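Novice: Need a 3D model of the sequence below.
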Amino acid sequence: MSRSVRLVPAAAALLTLALTTTACGGGVGGVHGTPGGSGVRDPYFPKAGNGGYDVGHYDLTLDYTPAGRHLTGTAVITARATQDLSAFNLDLAGLDVDSVTVEGKQARFARAGQELTVRPHDDLSKGETFRTTVRYSGTPRTLADPDGSKEGWLPSADGALGLGEPVGSMAWFPGNHHPSDKATYDVRVTVPKGLQAVSNGELADQSTKGGRTTFHWHTAQPMASYLAMVAVGHYDIARSTGPHGLPILTAVEATQAKDTKDVLAKFPDIIHWEEINFGPYPFSSAGAIVAGPGAAGYALETQNRPVFPADQFDTDTLVHELAHQWYGNSVTPRSWQDMWLNEAFATYAEWLYWEDHGGKSAQQTFMDYYNGDNDAIWAYPPAKPSSAAHISDSPVYQRGAMVLQKIRQKVGDDAFYDIIQGWAAAHRYGNADTADFTAYVEKKAPGQDFSEIWKDWLYGDGKPAHP
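Specialist: Numbering: from 1, shown residues only. Got it, this is the predicted structure:
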């Protein structure tokens, strides 16, 4: 991502009481479950996500009419119960829920804030795989972050962008919206004929009937819901190949094609350069969405193809968002406290790119920040953001990248590249936190003492005394 700030989710009202009076009614096979949690106690977004189950797959069917900004959706969510369940929650902000079924049987449901609480007809046993179908409709919301940035559903004159970091995806589909629960996706989007609808993964099918076109996108590799994306509008679609025949699909807002072609031409070479530095590209396709200027106010690393406003589509930002495919998308933070594991790596990728392409060395960039007058860099430690409103401020980006440069100084280039490539490989398609990372570094460089780096640069308050 290339912006500051993040959203504090809407507070959930007391909801459990509405269901617990019936929660222990006789279930199937003698199961007497308890409701799953209405959040996973993320230190910055405590109501994000839900307890009691793990999603394996989302099958989303969306129908959107830009003229009336009306969305009709069906979400089929396949999950596995991680405890005996009498009820469970899904995150959904706004929209009207028309019906909910669990395993084909009508389920009771209740709404409070962002919580959609579902009471299945039959209790669910721990380890059981179950399918929930939610039918919903309405005008999806644009959610406001504390600094005024927008996420969720961002309408435009001829379409919309559906973006999700950190919790905006709950504005357009119900789910377990926390990065710790990754899943595969099928997304079908129906729009008026003549518009394009682009999402993550690969285009599995496209058909037109009755003046409306349906685009079916399939994402085979696990994805956190905050990385899910839908772009609807007049886009010029181009297909090419990158290293090893990697399919690349770009969608550029029709009026921006001429102004973006020079940066887009660099795409295959940047992917190749990042593979040399970070290891094999982790997904089955790549690409980019270039929307109109100011479409979102920021670029975002949505999986397979990041989203860029046209006025922020430059080489630095492309390098940054593509690096996230390794760091953030494939290796995803366990909680939002670990945001620096996304942004420090992507920022450091920019430093490395210019080091290799006739610009400053990473060490020179490090010293520029250390000696500069931007005190905001030292506002808090990268691994301990001051609040949810600041998890995307400069300490997470630039000071986080400085942590990586300190590790490189300590171990030398050969060991450093072994570390960053090994980290991406060891946690491929999984989740990890800061403790996992520091342990991994220490394991890969036995005999080295990293205590000063961790104490002063990663967790320490204020500007370290020595660069």
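Novice: Could you verify my assumption that residue 87 touches residue 36?
Specialist: Yes - with contact defined as CB atoms under 8 Å, residue 87 reaches residue 36; the gap is 6.9 Å. For every residue, glycine as well, the C-beta is placed using N, CA and C.
Novice: Alpha carbons of whichever strand or helix holds residue 319, as CSV, please.
Specialist: If you go by DSSP states H and E, residue 319 is part of helix 315-323. What follows is helix 315-323, C-alpha atoms only, in CSV (Å, rounded to 0.1, in the frame of the first residue of the first chain):
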residue,chain,number,x,y,z
THR,A,315,7.9,3.3,-11.3
ASP,A,316,8.4,3.6,-7.5
THR,A,317,4.8,2.8,-6.7
LEU,A,318,4.8,-0.1,-9.2
VAL,A,319,7.9,-1.6,-7.6
HIS,A,320,6.4,-1.1,-4.2
GLU,A,321,3.0,-2.7,-4.9
LEU,A,322,4.5,-5.6,-6.8
ALA,A,323,6.9,-6.4,-3.9
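Novice: What is whatever helix or strand comes next after that helix packed up against?
Specialist: Using DSSP H and E, the next helix or strand after helix 315-323 towards the C-terminus is strand 332-333. Contact here means 3 or more CB pairs under 8 Å, 6 or more residues apart in numbering; DSSP states H and E; on that basis strand 332-333 packs against strand 431-432.
Novice: what about whichever helix or strand comes after the strand it packs on, average pLDDT?
Specialist: Of the helices and strands lying after strand 431-432 in sequence (DSSP H and E), the nearest is helix 434-444. Across helix 434-444, the average pLDDT comes to 98.
Novice: if we look at helix 434-444, which residues are touching it?
Specialist: 334, 337-338, 340-341, 383, 407, 415, 418-419, 422-423, 426-427, 448, 450, 454, 458 (CB atoms under 8 Å, 6 or more residues apart in numbering).
Novice: Repeat the analysis, applying 7 Å as the threshold.
Specialist: With contacts defined as CB atoms under 7 Å, 6 or more residues apart in numbering, helix 434-444 is touched by 338, 341, 383, 407, 415, 418, 419, 422, 423, 426, 450, 454.
Novice: which intervals of the stretch 51-200 of the chain have sub-threshold pLDDT?
Specialist: 146-147 (pLDDT under 70).
Novice: returning to that earlier point: switch the contacts of helix 434-444 over to JSON lines; also include neighbour count and secondary structure.
Specialist: Compiled in JSON lines, the contacts of helix 434-444 are given as follows (neighbours: other CB atoms under 10 Å; DSSP: H, G, I helix; E, B strand; the rest coil):
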{"residue": "338", "neighbour count": "25", "secondary structure": "helix"}
{"residue": "341", "neighbour count": "26", "secondary structure": "helix"}
{"residue": "383", "neighbour count": "25", "secondary structure": "coil"}
{"residue": "407", "neighbour count": "23", "secondary structure": "helix"}
{"residue": "415", "neighbour count": "15", "secondary structure": "helix"}
{"residue": "418", "neighbour count": "13", "secondary structure": "helix"}
{"residue": "419", "neighbour count": "20", "secondary structure": "helix"}
{"residue": "422", "neighbour count": "15", "secondary structure": "helix"}
{"residue": "423", "neighbour count": "23", "secondary structure": "helix"}
{"residue": "426", "neighbour count": "14", "secondary structure": "helix"}
{"residue": "450", "neighbour count": "17", "secondary structure": "coil"}
{"residue": "454", "neighbour count": "19", "secondary structure": "helix"}
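Novice: What is the neighbour count of residue 223?
Specialist: Neighbourhood size, residue 223 [other CB atoms under 10 Å]: 25.
Novice: residues contacting it?
Specialist: By CB under 7 Å, 6+ apart, the contact set of residue 223 is 182, 183, 185, 200, 303.
Novice: these two touch, right, the first one and residue 226?
Specialist: Going back to what we said before, that points to residue 182. No - assessed by CB atoms under 7 Å, residue 182 is found out of contact with residue 226, at 10.2 Å.
Novice: what about these two, which has more around it?
Specialist: A count of neighbours by other CB under 10 Å puts residue 226 above the other of residue 182 and residue 226, at 28 against 23.
Novice: I'd say the more buried one and residue 162 touch.
Specialist: No - applying CB under 7 Å, one finds residue 226 not in contact with residue 162, separated by 11.4 Å.
Novice: same for the helix holding residue 319, what does it pack against?
Specialist: If you count contacts as 3 or more CB pairs under 7 Å, 6 or more residues apart in numbering; DSSP states H and E, helix 315-323 packs onto helix 267-278, helix 340-356.
Novice: Which of those helices sits closest to residue 392?
Specialist: helix 340-356 (6.9 Å; CB to CB).
Novice: buried ones in that closest one?
Specialist: For helix 340-356, the neighbour count (16 or more other CB atoms under 10 Å) marks 340-354 as buried.
Novice: Can you lay out the helices and strands packed on helix 315-323 as JSON lines showing distance to residue 150?
Specialist: Output for the helices and strands packed on helix 315-323, formatted as JSON lines (distance: least, CB to CB, whole Å):
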{"stretch": "helix 267-278", "distance to residue 150": "27"}
{"stretch": "helix 340-356", "distance to residue 150": "19"}
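Novice: closest one to residue 50 among the ones you listed?
Specialist: Nearest to residue 50 among these is helix 340-356 (22.4 Å), distances taken as CB to CB.
Novice: Just the angle for the helix or strand following the closest one relative to helix 340-356, thanks.
Specialist: Downstream of helix 340-356, the first helix or strand assigned by DSSP H and E is helix 362-371. Comparing the axes of helix 362-371 and helix 340-356 via axes from the mean of the first three to the mean of the last three CA atoms, to 10 degrees yields an angle of 120 degrees.
Novice: which residues are in contact with helix 362-371?
Specialist: Contacts with helix 362-371, where a contact means CB under 7 Å, 6+ apart, come from 351, 352, 355, 377, 398, 402, 405, 467.
Novice: The fourth one falls within a helix, correct?
Specialist: Looking back up the chat, that one is residue 377. Yes - counting by DSSP: H, G, I helix; E, B strand; the rest coil, residue 377 falls inside a helix.
Novice: Is it in contact with residue 394, as I believe?
Specialist: Yes - contact criterion CB under 7 Å: residue 377 and residue 394 qualify, at 5.1 Å.
Novice: Any figure for the gap between the closest residue to residue 406 other than its chain neighbours and residue 393?
Specialist: Closest residue to residue 406 apart from its sequence neighbours, by CB to CB, 6 or more residues apart in numbering: residue 453 at 4.8 Å. Going from residue 453 to residue 393 by CB to CB, to the nearest Å gives 21 Å.
Novice: Thanks again, I'm all set now.
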